[in-house]
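**Q** Build me a model:
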Amino acid sequence: KGGLHVFAAIPPLGLASSLDAFRRGVSAAYVQSFGDDTDAFTNTLLSAYVQDDWRVSARFTVKLGLRYDNERLPEPYPSDDNNLAPRLAVAYTSHDNKTNLRAGYGRFYGATSAGPILGPRLFGTGQLKILQLSLPQSAAAYAQPGHRFASNPGIGVPSDFRISPDFQTNYADQGSIGLDRALSDNVSVSVGGQYVRGRHILLARDINRIDPSTRKRPDPSFVGITVQESTGNSWYQGFTVAVNKRMSRGTEFLLSYTLSKAEDDFIDWFGRFGPQDVQRPDLDKGPSFQDERHRLTFSGVWDLSGYTDNAVLDNWLLGTIVSYGSGRPFNALAGFDRNGDGESSFDRPAGFGRNSETGPDYFAVDLRASRKFPFSAGKRNLELLFEVFNLFDRTNYSAVNNVFGPGSQPLPAFGQPVSAFPARQIQLGARITF
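**A** Numbering: from 1, shown residues only. As a prediction, the model looks like this:
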């Protein structure tokens, strides 16, 4: 109810970035609600599960399972009663007990968050009314005391929230296969593959955008009609290889590498990025924001306790985590209403797919050192800890300017960093065990 201003690059006004728009007080869009924002509802989850373990032989096991999930959502959500989730897993151990082969498949149903449930219940019933403004009225709202209206000004056209009658519970089909091989008593190597297919994922879609051919909205009595529907999809494929050394002679480590590909055709129910064409949301299939193609991680521990006769070095524990991740996708935006549907926040430059650009990579080294001081005849320990995160103080950027601009060439700020993960951090601690 406090109001929400959206600042965005507006190249025709000379505003190359959202920060420029904020500095000049030019709000591209404004949303404020009026009315009673309280509600109470019950969301009941009912589940049942059966499983049978079949030991085919001493080295081969099969597990079969079936789960049923039923989420009793409040009005106006429809019921979904056919949520059967089969499970299957197999495992085989070689005769020398050094090789394990495993595979599995399962369907997993999710639950609906409380946030999206509230929207249709409050706004769809008229209990809350949404005021949604764009330029120049949004800029006028920003000029108000506190950058908000004290009461409903009676301007603009309201928005509406609705539930799709075909709403279904979201689920994911997950399959995996893996091979573990012991190279020695303490060292093993593993390889594995994963596949995940998500369906009926909750998203919000405005079905009342302006028709570019008529320059009118399908329902002129509303600015936006946000329909919550379960039409989102996701795809994930991953391959992992790892080498693991269990604790021996005071050392242990894990080295793992993952090659993966994650795609989807939605963001989330918040509508951070809606579809460019609401009539063809399937065209927005592309890399997910979580699509990190390459991930390399090393973690190791060196325990000096009892490993040396040197009293100074005894009871020391050293550890490190080294992480590398390739750049994740970001969505290039035109910065203006390129397709003429009345919504400029989601339009991409000509020829750009959703999340087609790649951001900066990530690299960090964390270090931990601790020293134990036994007392009370060894029954208690005082442990002092020294930890450093991002040891080499590398600047890892978390976001870039994604506004390409209206021309055929990008704006100078396009692709430039706008935020970063934390710099080097040092932490001291103490712990007593008894």
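**Q** Can you give the distance of stretch 12-28 from its chain's centre?
**A** Centroid separation between stretch 12-28 and its chain, computed with C-alpha atoms, centre = their mean, to the nearest Å, is 28 Å.
**Q** Just the buried residues of that stretch, please?
**A** Using 16 or more other C-beta atoms under 10 Å as the test for burial, stretch 12-28 gives 15-18, 20-21, 26-28. Where C-beta positions appear, they are placed from N, C-alpha and C, glycine not excepted.
**Q** And these, which is closest to A150?
**A** Looking at the buried residues of stretch 12-28 and their distance to A150, the nearest is S27, at 17.2 Å (C-beta to C-beta).
**Q** thinking again about what came up before, can you list the buried residues of stretch 12-28 in TSV and add pLDDT, secondary structure and distance to I177?
**A** As requested, the buried residues of stretch 12-28 are exported to TSV (pLDDT from 0 to 100; DSSP: H, G, I helix; E, B strand; the rest coil; distance: C-beta to C-beta, whole Å):
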residue	pLDDT	secondary structure	distance to I177
L15	86	strand	52
A16	80	coil	49
S17	80	coil	46
S18	81	helix	45
D20	88	helix	51
A21	90	helix	50
V26	91	coil	54
S27	90	coil	52
A28	86	coil	48
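**Q** Mind picking the two most distant members of these?
**A** The largest separation in the buried residues of stretch 12-28, counting by C-beta to C-beta, is between A16 and S27 at 16.4 Å.
**Q** Okay, and the beta partners of the closest residue to N83 other than its chain neighbours?
**A** Among residues not flanking N83 along the chain, D69 sits closest, at 4.6 Å (C-beta to C-beta, 6 or more residues apart in numbering). Taking DSSP bridges as the rule, D69 bridges to S47.
**Q** Quick check, D69 in contact with Y49.
**A** No: with contact defined as C-beta atoms under 8 Å, D69 does not reach Y49; the gap is 9.3 Å.
**Q** of these two, who's got more company?
**A** Higher neighbour count among D69 and Y49: D69, with 20 against 11, using other C-beta atoms under 10 Å.
**Q** Would you state the predicted confidence (pLDDT) at the residue nearest the centre of the chain?
**A** The centre of the chain sits closest to Q290, judged by C-alpha atoms, centre = their mean, with a distance of 6.3 Å. Reported pLDDT at Q290 in the predicted model: 91.
**Q** dump the residue contacts of it.
**A** For Q290, the contact set (C-beta atoms under 8 Å, 6 or more residues apart in numbering) comprises 262, 328.
**Q** and R354, how many neighbours?
**A** Neighbours of R354 under the rule other C-beta under 10 Å: 22.
**Q** biggest strand in the protein by residues?
**A** strand 225-248 (DSSP state E).
**Q** so what does it touch, helix or strand wise?
**A** If contacts are counted by 3 or more C-beta pairs under 8 Å, 6 or more residues apart in numbering; DSSP states H and E, strand 225-248 sits against helix 114-122, strand 160-163, strand 187-206, strand 251-264.
**Q** Of all the ones you listed, which one is nearest Y142?
**A** Closest to Y142 of these is strand 187-206 (C-beta to C-beta; 22.5 Å).
**Q** just how off-centre is that closest one within its chain?
**A** Worked out by C-alpha atoms, centre = their mean, strand 187-206 lies 12 Å from the chain centre.
**Q** got it, and stretch 315-324?
**A** Relative to its chain's centre, stretch 315-324 lies at 27 Å (C-alpha atoms, centre = their mean).
**Q** if we can go back for a sec, out of the helices and strands packed on strand 225-248, which one sits most buried?
**A** strand 160-163 (a mean of 20; mean count of other C-beta atoms under 10 Å).
**Q** which ones are touching the closest residue to P218 other than its chain neighbours?
**A** In space, and not counting its chain neighbours, P218 is closest to N208: 5.7 Å by C-beta to C-beta, 6+ apart. By C-beta under 8 Å, 6+ apart, the contact list for N208 reads 160, 217-219, 222-225.
**Q** any idea which of the residues you listed is closest to F414?
**A** The closest of the contacts of N208 to F414 turns out to be G224 (C-beta to C-beta; 28.3 Å).
**Q** and the nearest residue to S260 once chain neighbours are set aside, how far is that from L202?
**A** In space, S260 comes closest to G238 once its chain neighbours are excluded; the distance is 3.7 Å by C-beta to C-beta, 6+ apart. Counting by C-beta to C-beta, to the nearest Å, the separation of G238 from L202 is 24 Å.
**Q** before we move on, what about S27?
**A** Noted for S27: a distance of 28 Å to L202, by C-beta to C-beta.
**Q** same question, P412
**A** 38 Å.
**Q** try S288
**A** Here the criterion is C-beta to C-beta. By it, S288 lies 16 Å from L202.
**Q** before we move on, what about L46?
**A** Distance check for L46 against L202: by C-beta to C-beta, it reads 20 Å.
**Q** cool, and G146?
**A** The gap separating G146 from L202 is 33 Å, by C-beta to C-beta.
**Q** Show the contacting residues for A21.
**A** 7-10, 15, 27-28.
**Q** cool, Y397 as well?
**A** Each residue near Y397 by C-beta under 8 Å, 6+ apart is listed here: 359-360, 417, 419-421.
**Q** Angles on the backbone of it, please.
**A** The phi/psi pair for Y397 (degrees, to the nearest 10) reads phi -80, psi 140.
**Q** ditto for D284
**A** Per degrees, to the nearest 10, the backbone of D284 is at phi -90, psi 10.
**Q** residues touching it, list them.
**A** Applying C-beta under 8 Å, 6+ apart to D284 gives the contacts 265-266, 275-277, 354.
**Q** how far away is it from G224?
**A** Per C-beta to C-beta, D284 is found 18 Å from G224.
**Q** How is the residue nearest to the centre of the chain assigned, secondary-structure-wise?
**A** Here Q290 is coil, with the state taken from DSSP: H, G, I helix; E, B strand; the rest coil.
**Q** go on, S176?
**A** S176 - assigned by three-state DSSP - is strand.
**Q** What of G335?
**A** coil.
**Q** so what's the nearest residue to N315 once chain neighbours are set aside scoring on pLDDT?
**A** Among residues not flanking N315 along the chain, K372 sits closest, at 4.2 Å (C-beta to C-beta, 6+ apart). Predicted confidence (pLDDT) for K372: 88.
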